[in-house]
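[1] My questions are about this predicted structure, shown below with the sequence.
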Amino acid sequence: MRLFVACELDDRVTREAVRVARALAAALDRRGGGRGVAWVGQPNLHLTLQFLGEVDEATAAAVAGRLAPPFAHPPFDLAFAGLGTFPPAGPPRVIWLGITAGGDELAAVQGEVARRLEALGFPRARRPFRAHLTLGRVKAPLGPGLGGLLRETAVAPATGCRVDRVTLFESRLSPRGATYSVIATAPLGYHHSS
């Protein structure tokens, strides 16, 4: 099984993200470079907290068990705006939508996920966590001027959603792309009452 841990997004955010991706794709098409990006479909838009890769069923069950207890962090709101690429210098490999509110909270939840899974042998990422929503993966050179297109593409400033759980997904790859299935969820905002 190929697993990752993520936060799900509501339909309003994913629809806006698809609108932004389509606007970018159209602008790239006009310049002859639109086919160089594999755009993420609306059902697959999420905020990855940790990619786990291929694991056996026993490990998957152990991961689900480690993630099951409610998280101490309360639910929080995210807001999105701004576009960019990874890496920040050199040929881009990923086009992303930025997070303008809730990034610190998302990083705190990601840190708790990493702590929980470290005991199962999943190492923490070497690079600091950078919250972003992947819109597309660059498969071929896009040529100069991508930065200008990113700045010109409108992103609705009110785009945002509430994050109230963490989700363990299975990713199945096929020639038509990846499909994601929910394996387990854990709520945010556990408060012990006596």
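    That came through fine. Residues are numbered from 1 along each chain as shown.

[2] name the helices or strands packed onto the longest helix belonging to the chain?
    Counting residues, the longest helix in the chain under DSSP state H turns out to be helix 11-30. Secondary structure elements in contact with helix 11-30, counted by 3 or more Cβ pairs under 8 Å, 6 or more residues apart in numbering; DSSP states H and E, are strand 37-39, strand 76-86, strand 94-101, strand 133-138, helix 146-152, strand 160-163. Where you see a C-beta, it was placed from the backbone N, CA and C, and this is true even at glycine.

[3] For Ala125, which three-state class applies?
    Look at Ala125: counting by DSSP: H, G, I helix; E, B strand; the rest coil, its state is coil.

[4] what about it, neighbour count?
    When neighbours are defined as other Cβ atoms under 10 Å, Ala125 has 12 of them.

[5] Likewise for Ala184?
    Using other Cβ under 10 Å as the criterion, Ala184 is surrounded by 16 other residues.

[6] Give me the distance between it and Ala62.
    Distance from Ala184 to Ala62, counting by Cβ to Cβ, to the nearest Å: 11 Å.

[7] just Phe129 next, same as before
    As for Phe129, its distance to Ala62 is 23 Å (criterion: Cβ to Cβ).

[8] quick one: which of those two has more around it?
    Phe129 (19 against 16).

[9] What about that one? Give its phi and psi, please.
    Dihedral angles phi and psi of Phe129 (degrees, to the nearest 10) take the values phi -70, psi 130.

[10] give the contact list for it.
    When the contact criterion is Cβ atoms under 8 Å, 6 or more residues apart in numbering, the partners of Phe129 are 49, 107, 110-111.

[11] Apply 10 Å and report the result again.
    Phe129 makes contact with 48-50, 103, 106-111, 113-114, according to Cβ atoms under 10 Å, 6 or more residues apart in numbering.

[12] Let's verify the residue nearest to Leu67 when sequence neighbours are not counted: helix, strand, or coil?
    Across the structure, with Cβ to Cβ, 6 or more residues apart in numbering as the measure, the residue nearest Leu67 apart from its sequence neighbours is Ala186 (5.1 Å). Following three-state DSSP, the label given to Ala186 is strand.

[13] please renumber so the chain begins at 166
    Happy to do that; since the first residue is 166 now, the last one works out to Ala351.

[14] how far away is Ala351 from Arg281?
    As defined by Cβ to Cβ, Ala351 lies at a distance of 9 Å from Arg281.

[15] Equivalent analysis for Gly268, please.
    Summarising the geometry, the distance separating Gly268 from Arg281, computed by Cβ to Cβ, is 21 Å.
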